[in-house]
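# just coords:
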């Protein structure tokens, strides 16, 4: 393979149909931001929208805004928009609570549909909060279930007729390994199991086809590729066919058939609304809507195409410039098995990432030894890949990473 | 009793030590806002704080803000501030999720402490979402428990040795009836039961002394008297003595002992942190902090004194001007048994409230026949009570409420 050159990457930027999106984000000057898989960047219209919400809707119209500005519809309205990104119908998705809470809801609902089965199957690449929530639910239900955690490559074979629910994050947050949603869902259904997909690192980063794959339940995150802002509310999906047969275990008033009748006894709303719980965080919800609108403007196939090319060149450059220095590419090389990130391994990964950050190149570190680079195609340029790999190479060559301030561990890594 | 006069109320405003707070809220011109018990008003500094958070912290400092701007500490930091308003220690309160979710957490935790008991005791005046969440938990746990709902006046006598948990909202959202927290908590403990107090309508409106009363668990709302904005996150309190002995049933990653170790198995954090779950909604959390800071500047005893006087004059004026027209005062007349609101009953309450709103006097309606007026002492003036009662009297006298547009029911009432 011929070596990757800067000129080649500049040429890709010059003809990138998504390039104009970058200007629509309020990114700091001189920063290369490769952590959009942890916290997406700020869309320029968000500040104004939030300001309007605070000063006009909350400040001036006060309580009336629930009706006149449609606050009460936000969970369903933003949910319907996200549905278009993930291959769902508008009335199959709501925005509410956190990913953890939403996972708890759909997992409890799913287990009720398979009362004779005892296994929740997941993998070691699942984001830990999903595993923890499942473990907590098992404890709460009296230890009659088991959370079985296998290697991500063994999932397909581990689906047997004891499995009630296969619960996976589609893209491994550490390595970027992308599960085959269609194949795993098919196998699960063949074995009589249900599936829950966590789309934290897929929604907004690649085309997802929940209904095309026959997925039962899904959850996902608003603050990564959807650019909804720190701690943005999460979403959940319940396939139409299940909606009348399942309940959320969290019977909050907004999931009631008539919340403003203030009855003493819970009656679930029809449809997806029964998975709502408490009052939605309106400020955070409004910010999320702006981020989702951006994604809807982009062609998700173009997003995926760019993401795969960014990853391809990142890996090629890493092979060329970094592997000789003891780095290992831990993300899948097959673009169809890789999400929108590239991860490298190096025993000194932590201080190296801090040294990069000190130069304005923001990736992150995941224990024990992973340097993680998120490639959000709406604002990452091809040339950013060049700058990042070359800066890392220089940091390694000069041992610039080997300083006490880069070894100091922060609270949040 | 001599009739209440406008001059008398103006005189009270003139010497009100809390009067300067009103200017610090961004209230619309010409509006009398008596719905702060549903959605608190906007503190003037909030818009700027939220803007700074969006543009500088999120936009410019991006992911680093979790450390450099202390986002990760928000649940504990704002919790510690709320603790000062409710008689708790700083490490007994966290801000997170919604009131409904937090109630679920502490109720599940409390039931584990009384495994031999089967009754969750509540009252008909509890806000329905609390009852629903309890009913949902009972269902999830296999119907071994019972949610027993009695009249609010019968609570004390209904606490017997079958009761595991007494779960009450301190102030009835409809009538404003204020429970005797000390007496009920004492009786519960005498009978071997635990207590959960929902402070939705008390935090920020009246002095609460959780530790003075020996309360076990509490939850509360950020968007009413704390002025945290629509759907602001809620808070929860776990008494120090229980913290090592209980777990949240919702094992989210932020409640893990080491969230950033990304272990596969849940280990609860020490202390109150174990009740955290998913990533906090930072925008909404920052807005809440501003509202809480306002309350901390005010003297909560002065807040309560004004609230009681506002209520006293509202009731006296209602007796004088409205009772002859068929209204009934449904809030307790005893100021020590009344929260920070006055509620009236009238069969035509709904259109009457809409007619008031059309004149810029914003109260709300609660089915079946309650006109509800929240008295948030930081921005409600004594003279507002006069204007409200007199406007309502005129609306009734002239039958101005009897128009089709006032009868039209909105989604949110």
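Everything's here; your move. Predicted model only: the values in this text are computed from it and were never measured. Numbers count the residues shown, from 1 in each chain, chains lettered A, B, ... in the order given.
# Please count neighbours and contacts with C-alpha atoms only from this point.
Will do.
# Run through the strands of chain A in chain order.
Per DSSP state E, chain A carries strands over the ranges A:32-33, A:93-96, A:119-123, A:146-150, A:163-169, A:194-198, A:217-220, A:234-238, A:328-329, A:341-345, A:361-362, A:364-366, A:370-374.
# Any chance of JSON lines for the ones you listed, columns distance to chain B, mean pLDDT and mean neighbour count?
Converted to JSON lines, the strands of chain A look like this (distance: least, C-alpha to the nearest C-alpha, whole Å; pLDDT from 0 to 100; neighbours: other C-alpha atoms under 10 Å in any protein chain shown):
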{"stretch": "strand A:32-33", "distance to chain B": "9", "mean pLDDT": "98", "mean neighbour count": "25"}
{"stretch": "strand A:93-96", "distance to chain B": "10", "mean pLDDT": "98", "mean neighbour count": "30"}
{"stretch": "strand A:119-123", "distance to chain B": "10", "mean pLDDT": "98", "mean neighbour count": "24"}
{"stretch": "strand A:146-150", "distance to chain B": "9", "mean pLDDT": "98", "mean neighbour count": "18"}
{"stretch": "strand A:163-169", "distance to chain B": "13", "mean pLDDT": "98", "mean neighbour count": "26"}
{"stretch": "strand A:194-198", "distance to chain B": "14", "mean pLDDT": "98", "mean neighbour count": "26"}
{"stretch": "strand A:217-220", "distance to chain B": "12", "mean pLDDT": "98", "mean neighbour count": "27"}
{"stretch": "strand A:234-238", "distance to chain B": "10", "mean pLDDT": "98", "mean neighbour count": "29"}
{"stretch": "strand A:328-329", "distance to chain B": "21", "mean pLDDT": "98", "mean neighbour count": "19"}
{"stretch": "strand A:341-345", "distance to chain B": "16", "mean pLDDT": "98", "mean neighbour count": "26"}
{"stretch": "strand A:361-362", "distance to chain B": "8", "mean pLDDT": "98", "mean neighbour count": "24"}
{"stretch": "strand A:364-366", "distance to chain B": "8", "mean pLDDT": "95", "mean neighbour count": "22"}
{"stretch": "strand A:370-374", "distance to chain B": "12", "mean pLDDT": "98", "mean neighbour count": "27"}
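# for those strands, which one sits closest to residue A:57?
Residue A:57 sits nearest to strand A:93-96 of all the strands of chain A, at 20.1 Å, using C-alpha to C-alpha.
# Tell me the helices and strands packed up against the closest one.
helix A:74-85, strand A:234-238 (3 or more C-alpha pairs under 8 Å, 6 or more residues apart in numbering or on different chains; DSSP states H and E).
# Pairing partners for that strand, with directions?
The pairing partners recorded for strand A:93-96 under DSSP bridges are strand A:234-238 (antiparallel).
# show me the contacts for residue A:31.
Listed by C-alpha atoms under 8 Å, 6 or more residues apart in numbering or on different chains, the contact set of residue A:31 reads A:360, A:361, A:362.
# For chain B, what's its nearest residue on the stretch 101-250 of chain A.
residue A:231 (3.9 Å; C-alpha to the nearest C-alpha).
# domain ranges for chain A?
Taking automatic domain parsing as the criterion, chain A consists of the domains A:6-44+A:299-407, A:70-297.
# hey, which of those is tucked in deepest?
domain A:70-297 (a mean of 22; mean count of other C-alpha atoms under 10 Å in any protein chain shown).
# returning to that earlier point: what sits against the residue of the stretch 101-250 of chain A closest to chain B?
Residue A:231 neighbours (C-alpha under 8 Å, 6+ apart): A:98, A:222, A:223, A:284, B:279, B:280, B:281, B:282, B:283.
# I figured the third one hits residue A:203, correct?
Pointing back at residue A:223 there. No. Here residue A:223 lies out of contact with residue A:203, judged by C-alpha atoms under 8 Å, at a distance of 10.4 Å.
# Low-confidence regions, chain A specifically.
A:1 (pLDDT under 70).
# chain center to stretch A:379-393: distance?
What separates the centre of stretch A:379-393 from the centre of its chain is 23 Å, taken as C-alpha atoms, centre = their mean, to the nearest Å.
# Phi, psi for the closest residue to chain B within the stretch 251-400 of chain A please.
Closest to chain B within the stretch 251-400 of chain A is residue A:281: 3.9 Å, counting by C-alpha to the nearest C-alpha. The phi and psi torsions at residue A:281 (degrees, to the nearest 10) take the values phi -80, psi 100.
# That one and residue B:223 touch, don't they?
No. With contacts counted by C-alpha under 8 Å, residue A:281 stays clear of residue B:223, the gap being 9.7 Å.
# which neighbours do these two share?
B:230, B:231, B:232, B:233.
# Was I right to think the first one contacts residue A:283?
What it means is residue B:230. Yes. Using C-alpha under 8 Å, residue B:230 is in contact with residue A:283, at 7.1 Å.
# just to revisit the earlier point, can you name the residues that contact the residue of the stretch 251-400 of chain A closest to chain B?
A:233, B:230, B:231, B:232, B:233, B:281, B:284.
# Give me the contacts around stretch A:166-178.
A:120-123, A:125-127, A:159, A:179-181, A:188, A:193-202, A:330-332, A:336-343, A:366, A:370, A:372.
# Could you rerun that using 7 Å?
Residues outside stretch A:166-178 that contact it (C-alpha atoms under 7 Å, 6 or more residues apart in numbering or on different chains) are A:120-123, A:125-127, A:179, A:193-199, A:201-202, A:330-332, A:337-343, A:366.
# Not counting its neighbours along the chain, what's nearest residue A:244?
Spatial nearest neighbour of residue A:244, excluding adjacent residues (C-alpha to C-alpha, 6 or more residues apart in numbering or on different chains): residue A:271 at 6.5 Å.
# That neighbour and residue A:241, how far apart?
10 Å (C-alpha to C-alpha, to the nearest Å).
# do residue A:205 as well
In terms of C-alpha to C-alpha, residue A:205 sits 27 Å off from residue A:241.
# What of residue A:248?
15 Å.
# got a list of what residue A:228 touches?
Each residue near residue A:228 by C-alpha under 7 Å, 6+ apart is listed here: A:222, A:287, A:288, A:291.
# please redo it, this time with the cut-off set to 8 Å
Taking C-alpha under 8 Å, 6+ apart as the test, what residue A:228 contacts is A:40, A:42, A:222, A:284, A:285, A:287, A:288, A:289, A:290, A:291, A:292.
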